[in-house]
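> kindly return the folded structure for what I paste below:
(one chain, ligands or ions: 1)
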Amino acid sequence: MVHLSASSLLLAAGILPNLALGAGLNDAAVSIGQVYFGSATDNPELSDSTYVKQLSNTADFGQITPGNSQKWDATEPSRNVFTYSGGDTVAKLAQSNGQKLRCHNLVWHSQLPSWVTSGNFNNATLISIMKNHITNLVQHYKGQCYAWDVVNEALNEDGTYRQSVWYNTIGPAYLPIAFATAASVDPDVKLYYNDYNIEYSGAKAAGARRIVELVQSYGAKIDGVGLQAHFIVGSTPSKADQKTTMAGYTAYGVEVAITELDIRMTLPSTNALLTQQATDYSNTVSACVETKKCVGVTIWDWTDKYSWVPNTFPGQGAACPWDSNYQKKPAYNAILSALNAGSSSGGGSTTTTTTTTTAAVTTTTSASGSGPTGGSGVAQQWGQCGGSGWTGPTTCVSGTTCKYSNPWYSQCL
Ligand SMILES: O[C@@H]1[C@@H](O)[C@H](O[C@@H]2CO[C@@H](O[C@@H]3CO[C@@H](O)[C@H](O)[C@H]3O)[C@H](O)[C@H]2O)OC[C@H]1O
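Numbering: from 1, shown residues only. Modelled structure (predicted):
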């Protein structure tokens, strides 16, 4: 049973003016207890003064994310040579506007320089390269980021680990090692796992929960799961499914955020598509509003003029809440209404269901320190095969060999 106050009843009836509600997206988000509403941006568009003026409008945007300039290819193009100019420009803009900065990202399979992907580094060397990169970036931006996307997109669609240079060389231990390294440099910044197609129930969402459990089982800090939410008009998951899936993550004690929301369509845009897009935006924002530990929504740029979609998905576009002439589309008011609706529903603090499918978290690669499983041929443990602290067999069972052997984690496969 929902109890509405007298003022909210009058508001709903249109008798009282809506003075308490947010007039912009960030104002509305903050007024219902969320941390921010934000947008991604990128360095080339920062020379467009009309664009920068709206991006800097804190009524709408209380947070920004650099779309490219903190990625590995931009920050460490050659080994141990760090360049921060692009990322610093975005960080300074956030600071001068009084906006929060989501920092994106530290470890990803994409936008890596060839010296990383083609270096044929062994396990120990690649771990030290990864740790050095994380240490330098987290130290450089210490005190400036609300959160870091520590690992981006580690999963395949079926929830197994993506065959990246990180996984193939280091094994699943690269995830907890990355989180532990970031936490050791800046204990205060929020540390996120970030991915797409984990906004709805299924094998990939189960994989993301398994990652949270893996990092926690190592004793490393993980604060949040970022749901990218790159969606297609008319094919977005239901609000109920998005809420259930978010609850699956928050059951582990972490927060969640919508980190890269955009909803693309096959061009040309029509009124019908724009109307459906508004509904789709509203559903995702409402799912966040109605989830206690969903701290905020970031759209992956605010205007179609600079959206990444047409370059990446040929024939598609019109994915943002503003069109390419900076005019608000129906999606804008739908988002604003979804946020303002949180003020009557206790927004940002609605009780989150905890009936989650924790059974799905069971993993064959979880490393609880309980030692190898022996006969199955899979031995796994924090520690080095046969090294100090290793309590399993000094050699792997017949037919398997010790893989990923390093001071943190080993497996007989
Ligand atoms: O030519 C490249 C160009 O392809 C590159 O495009 C960027 C690719 O990444 C985009 O962000 C990602 C979108 O979704 C998720 O997968 C990730 O988490 C995001 O990082 C970004 O918006 C595009 O601009 O940009 C650099 C050019 O040199």
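
> surely residue 100 and residue 34 touch.
No. Residue 100 sits out of contact with residue 34 when judged by C-beta atoms under 8 Å, with a separation of 11.4 Å. C-beta coordinates here come from the backbone N, C-alpha and C atoms, glycine included.

> burial check on residue 85, number of neighbours?
10 (other C-beta atoms under 10 Å).

> gap between it and the ligand?
Going from residue 85 to the ligand by C-beta to the nearest ligand atom, to the nearest Å gives 15 Å.

> what's the answer for residue 282, then?
22 Å.

> confirm that residue sits in a helix?
Yes. With DSSP: H, G, I helix; E, B strand; the rest coil as the criterion, residue 282 is assigned to a helix.

> ramachandran angles for the most centrally placed residue in the chain?
Nearest to the mean C-alpha position of the chain, by C-alpha atoms, centre = their mean, lies residue 226 at 2.4 Å. Torsion angles at residue 226 (phi, psi; degrees, to the nearest 10) stand at phi -100, psi 120.

> for it, which residues make a bridge with it?
Under DSSP bridges, the beta-bridge partners of residue 226 are residue 194, residue 257.

> please enumerate the shared neighbours of residue 100 and residue 34.
Taking C-beta atoms under 8 Å, 6 or more residues apart in numbering as the contact criterion, no residue touches both residue 100 and residue 34.

> spatially nearest residue to residue 211, not counting backbone neighbours?
residue 193 (5.3 Å; C-beta to C-beta, 6 or more residues apart in numbering).

> all helices for the chain, in order.
Using DSSP state H, the helices found in the chain span residues 6-12, 25-31, 49-55, 72-75, 85-97, 114-117, 123-140, 165-170, 174-185, 203-218, 239-250, 271-289, 309-312, 330-341.

> okay if I get those as JSON lines plus mean pLDDT?
Shown next, in JSON lines, are these (pLDDT from 0 to 100):
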{"stretch": "helix 6-12", "mean pLDDT": "38"}
{"stretch": "helix 25-31", "mean pLDDT": "98"}
{"stretch": "helix 49-55", "mean pLDDT": "98"}
{"stretch": "helix 72-75", "mean pLDDT": "98"}
{"stretch": "helix 85-97", "mean pLDDT": "98"}
{"stretch": "helix 114-117", "mean pLDDT": "98"}
{"stretch": "helix 123-140", "mean pLDDT": "95"}
{"stretch": "helix 165-170", "mean pLDDT": "94"}
{"stretch": "helix 174-185", "mean pLDDT": "94"}
{"stretch": "helix 203-218", "mean pLDDT": "93"}
{"stretch": "helix 239-250", "mean pLDDT": "98"}
{"stretch": "helix 271-289", "mean pLDDT": "98"}
{"stretch": "helix 309-312", "mean pLDDT": "98"}
{"stretch": "helix 330-341", "mean pLDDT": "98"}
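
> excluding chain neighbours, what is closest to residue 39?
Closest residue to residue 39 apart from its sequence neighbours, by C-beta to C-beta, 6+ apart: residue 302 at 4.5 Å.

> contact partners for whichever residue of the stretch 251-400 of the chain sits closest to the ligand?
Of all residues in the stretch 251-400 of the chain, residue 308 sits closest to the ligand, at 3.5 Å by C-beta to the nearest ligand atom. Applying C-beta under 8 Å, 6+ apart to residue 308 gives the contacts 67, 300-301.

> which bits of the protein sit near the ligand?
For the chain, the residues in contact with the ligand (C-beta under 6 Å from any ligand atom) are 42, 67-68, 152, 196, 228, 230, 260, 308.
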